[in-house]
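Trainee: have a look at this fold, sequence not included:
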């Protein structure tokens with residue numbers, strides 16, 4: 001079944017992806033969507049960390065189901081990923097990410113996807129990662145609220161930091177992001193991770 005699962009993939013590209021590891025910090029709208037795309041693409045190992053649990057308000061944009069409400073996100077996401085592609089190694093951590101455990105959680109990753117909600121957490125993760133692993137890419141997200149404005153969504157690079165989104169739209173209190181734009185940005189992050197792995201730009205440490 002594993003051979004058939006990936007039978008339509010380019011063999012040379014698949015070989016690169018199967019031996020690659022991607023880290024995902026956060027398992028919400030960005031993280032859960034990116035994880036599923038990377039799993040379907042054949043990345044060999046995914047390391048995912050999140051401390052949160054599934055809430056009803058998550059279901060409008062995150063890759064969970066009603067019966068999973070109340071469960072840790074990493075536990076529920078692991079279950080869903082295994083149903084989609086059991087031929088990937090999943091390393092799940094039900095932990096809050098902080099500067100002191102970034103290396104322990106994600107050092108094996110060639111690329112890190114930042115998928116956190118809070119601005120301070122995002123800043124901490126990016127700064128810590130770049131300090132620890134200056135040659136390894138970190139793919140962040142900024143500006144994914146609202147609907148439409150698809151043409152404004154882009155990728156911006158500054159050294160080993162890549163930012164996906166429009167870098168403009170802000171969330172209003174009490175209003176959650178909408179599934180289409182969250183999905184677009186999450187899949188841009190996943191697509192960029194694949195590109196970096198395939199091009200070999202993620203090989204440094």
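Mentor: Noted; the coordinates are in hand. Since we're looking at a predicted model, the values are computed, not measured. Numbering: from 1, shown residues only.
Trainee: pLDDT weak spots in this protein?
Mentor: Scanning the chain for pLDDT under 70 picks out the ranges 143-149, 167-176, 201-205.
Trainee: give the buried residues for the helix of greatest length in the chain.
Mentor: Secondary structure assigned by DSSP state H gives helix 179-199 as the longest helix of the chain. Within helix 179-199, the residues scored as buried using 16 or more other CB atoms under 10 Å are 181-194, 196-197. Yep, even glycine has a C-beta here, placed from its N, CA and C like the rest.
Trainee: what do you get for stretch 89-106?
Mentor: For stretch 89-106, burial by neighbour count (16+ other CB under 10 Å) applies to 90-94, 97, 102, 105-106.
Trainee: quick one: which of those residues sit in strands?
Mentor: Counting by DSSP state E, the part of the buried residues of stretch 89-106 found in strands is 90-93.
Trainee: got the contact list for stretch 118-129?
Mentor: 25, 97-99, 102, 106, 112, 114, 116, 136, 138, 140, 161 (CB atoms under 8 Å, 6 or more residues apart in numbering).
Trainee: what's the distance between that stretch and the middle of its chain?
Mentor: 15 Å (CA atoms, centre = their mean, to the nearest Å).
Trainee: those helices in the chain, which residues are they?
Mentor: Going by DSSP H, the chain shows helices at 2-5, 11-18, 29-41, 73-84, 102-106, 119-132, 179-199.
Trainee: ok, which of those comes nearest residue 153?
Mentor: helix 179-199 (6.1 Å; CB to CB).
Trainee: now do the closest one: which elements does it pack against?
Mentor: helix 11-18, helix 29-41, strand 111-114, strand 138-141, strand 161-165 (3 or more CB pairs under 8 Å, 6 or more residues apart in numbering; DSSP states H and E).
Trainee: redo these as JSON lines? Include distance to residue 70.
Mentor: Output for the helices and strands packed on helix 179-199, formatted as JSON lines (distance: least, CB to CB, whole Å):
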{"stretch": "helix 11-18", "distance to residue 70": "34"}
{"stretch": "helix 29-41", "distance to residue 70": "16"}
{"stretch": "strand 111-114", "distance to residue 70": "26"}
{"stretch": "strand 138-141", "distance to residue 70": "26"}
{"stretch": "strand 161-165", "distance to residue 70": "30"}
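Trainee: pick the most buried one from these.
Mentor: strand 111-114 (a mean of 28; mean count of other CB atoms under 10 Å).
Trainee: each with direction, which strands does it pair with?
Mentor: strand 21-25 (parallel), strand 138-141 (parallel) (DSSP bridges).
Trainee: so which of those strands comes closest to residue 78?
Mentor: Ranked by CB to CB, the member of the strands paired with strand 111-114 that lies closest to residue 78 is strand 21-25, at 12.0 Å.
Trainee: follow-up on the earlier one: export the buried residues of stretch 89-106 to CSV and append columns for distance to residue 72.
Mentor: Output for the buried residues of stretch 89-106, formatted as CSV (distance: CB to CB, whole Å):
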residue, distance to residue 72
90, 14
91, 14
92, 9
93, 10
94, 5
97, 14
102, 20
105, 15
106, 18
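Trainee: of these, closest to residue 56?
Mentor: Nearest member of those to residue 56, counting by CB to CB, is residue 94, at 19.7 Å.
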